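A.B. asks: model this:
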Amino acid sequence: MNNKESLKLLISQCTVLGPVSKKIVATAENELQVSFPEEYKQFLYEFGALMGNGIEIYGLPDQDEANPPFWQNVVTVTQQLQSYNQIGAENKKFIPISSDGMDMNYFMDTTKSPELHIWAIGHDSKLLIASNLYEFMIKIRDLNC
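C.D. replies: Residues are numbered from 1 along each chain as shown. Sure thing, here's the model as predicted:
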């Protein structure tokens, strides 16, 4: 089984938002002034966002202030972390993809686009932890289980 098949199998064990249009993805990229890595775009087009098995990947759910979404919006989280001067968010080309809910945030380095490089950044560390979504999801799942 290759990484793409393994990723789909892992995703099938989680809850997903559902497909996001290319227009919505392009709008998000424009708003953040980045180009998302190709693998993340494909993830958004097919799955939208993900949660389950100790894994969360931010996506692009509709934002309705009256009904907060189950999913984290990558644009909203990026803007919040930047406004809070969160470690890692000072680099406008590092876009958060997930968090451990405590000290560690996981960022995509959009300067490497179309490749996907994911960094774990906390108060005491900055470490490249994955070069694809499958590798990232396995590491996060194993850390949280």
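A.B. asks: show me the contacts for L127.
C.D. replies: By C-beta atoms under 8 Å, 6 or more residues apart in numbering, L127 lies in contact with 119-121. (Each C-beta comes from the backbone N, C-alpha and C, glycine too.)
A.B. asks: Just the buried positions in the host helix or strand of E5, please.
C.D. replies: Assigned by DSSP states H and E, E5 belongs to helix 3-12. Of the residues in helix 3-12, those with enough neighbours to count as buried (16 or more other C-beta atoms under 10 Å) are 7, 10-11.
A.B. asks: Where does the residue nearest the centre of the chain sit: helix, strand or coil?
C.D. replies: With distances taken as C-alpha atoms, centre = their mean, the residue of the chain nearest its centroid is I97 (2.2 Å). Here I97 is strand, with the state taken from DSSP: H, G, I helix; E, B strand; the rest coil.
A.B. asks: Make residue 1 into 48 and carry on from there
C.D. replies: In the new count, where the first residue is 48, that last one comes out as I144.
A.B. asks: Quickly note the distance from it to Y87.
C.D. replies: 7 Å (C-beta to C-beta, to the nearest Å).
A.B. asks: Mind listing the shared neighbours of these two?
C.D. replies: Common neighbours of I144 and Y87 (C-beta under 8 Å, 6+ apart) are M155.
A.B. asks: before we move on, back to that, tell me which helix or strand comes right after the helix holding E52.
C.D. replies: Next along the chain from helix 50-59, counting by DSSP H and E, comes strand 62-63.
A.B. asks: which residues touch that following strand?
C.D. replies: With C-beta under 8 Å, 6+ apart as the criterion, strand 62-63 contacts 94-99.
A.B. asks: which one of those residues is nearest A177?
C.D. replies: L97 (14.7 Å; C-beta to C-beta).
A.B. asks: All set, thanks.
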